[in-house]
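>>> I need the structure of the sequence given here:
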Amino acid sequence: MSSLLKHLTASAFLAGSSVLLVACGAAPGAASASDRVALAAVPSPAQAAAETAAASATATTAATSSAATPAHLPLIRVHKSPSCGCCGVWVDHVRTAGFPVEVHDTEDMMTVKDRLGVPEPMMSCHTAEVDGYFVEGHVPAEDIKRLLAEKPKARGIAVPGMPLGSPGMETPDGRTQPYEVALVGGDGTTGTFSRHP
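Here you go, the predicted structure:
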């Protein structure tokens with residue numbers, strides 16, 4: 001294969017499947033398959049400029065995304081009742097945010113909460129563990145990421161109760177109620193970590 005044909009074939013591959021579809025749609029007998037791919041792969045100057053700009057934008061977006069999200073998020077271990085539906089929806093929420101999740105179904109949630117030091121006023125339906133912290137209740141994944149980035153001296157964070165509109169507690173009619181994510185210190189005292197309208 002000549003160096004020109006190699007270059008054109010590589011360009012066709014980089015240009016994507018739309019080029020191959022154009023080549024496949026050419027009239028039979030007009031040219032050989034390799035000629036059609038090579039011809040379809042030669043972009044006009046405007047196309048070349050647009051493709052370069054698109055590639056640059058994609059690279060910038062990828063770089064920004066990788067900078068905003070850690071390359072490797074730690075495992076979240078979730079303890080929940082096997083019959084809790086909203087807990088399962090919250091698990092889906094943190095998985096979608098990029099966390100690996102390990103689910104432990106148990107009927108004895110109080111033992112888990114006591115072991116991790118979750119104060120009674122902060123309790124909710126499920127309890128998670130991540131990187132030495134507890135995450136109690138319907139805490140948004142972004143707050144978990146912030147906790148892991150800031151690494152405060154604390155036991156964990158919690159959303160007490162089950163506020164409407166929090167992750168896993170969405171309603172079909174879109175109703176929400178304001179809620180806070182609390183930071184639970186090593187001595188059990190609590191403060192506001194974040195607020196959600």
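>>> residue ranges of the strands in the chain, please?
For the chain, the strands defined by DSSP state E occupy 76-80, 101-105, 127-130, 133-137, 154-159, 179-185, 190-196.
>>> Return the angle between stretch directions for the fourth one and strand 179-185.
Spelled out, it's strand 133-137. Interaxial angle, strand 133-137 versus strand 179-185 (axes from the mean of the first three to the mean of the last three C-alpha atoms, to 10 degrees): 150 degrees.
>>> tally of neighbours for S194?
Close neighbours of S194, defined as other C-beta atoms under 10 Å, add up to 17. For glycine as for every other residue, the C-beta is placed from the backbone atoms N, C-alpha and C.
>>> For it, give me its contacts.
Listed by C-beta atoms under 8 Å, 6 or more residues apart in numbering, the contact partners of S194 are 140, 143, 146, 180-181.
>>> Counting neighbours, which of those comes out on top?
Taking other C-beta under 10 Å as the neighbour criterion, V181 ranks highest of the contacts of S194 with 25 neighbours.
>>> just checking, it touches E136?
No - taking contacts as C-beta atoms under 8 Å, V181 lies outside contact range of E136: 9.6 Å.
>>> overlap in contacts of the two?
157-159.
>>> In CSV, list those along with distance to V94, neighbour count and pLDDT.
Output for the shared contacts of V181 and E136, formatted as CSV (distance: C-beta to C-beta, whole Å; neighbours: other C-beta atoms under 10 Å; pLDDT from 0 to 100):
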residue, distance to V94, neighbour count, pLDDT
I157, 13, 27, 98
A158, 15, 26, 98
V159, 13, 27, 98
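>>> Next up, the contacts around V94.
76, 78, 101, 128, 141, 144, 167.
>>> what's the weakest-modelled helix or strand in this protein?
helix 17-24 (a mean of 28; mean pLDDT, DSSP states H and E).
>>> pLDDT weak spots in the chain?
1-71 (pLDDT under 70).
>>> Could I get the full set of helices for it?
Per DSSP state H, the chain carries helices over the ranges 3-15, 17-24, 33-40, 45-68, 85-96, 109-116, 141-150.
>>> check contacts around G168.
Counting by C-beta under 8 Å, 6+ apart, G168 makes contact with 86-90, 93, 138.
>>> Looking at these, which two lie furthest apart in space?
Farthest-apart pair in the contacts of G168 is G88 and H138; separation 12.0 Å (C-beta to C-beta).
>>> So which of these two has more stuff around it?
Counted by other C-beta under 10 Å, G88 and H138 do not tie: H138 has more neighbours, with 28 against 16.
>>> Report how many residues lie close to the closest residue to that one other than its chain neighbours.
Ranked by C-beta to C-beta, 6 or more residues apart in numbering and with sequence neighbours excluded, the top spatial neighbour of H138 is S166, at 3.8 Å. Counted by other C-beta under 10 Å, the residues lying close to S166 total 23.
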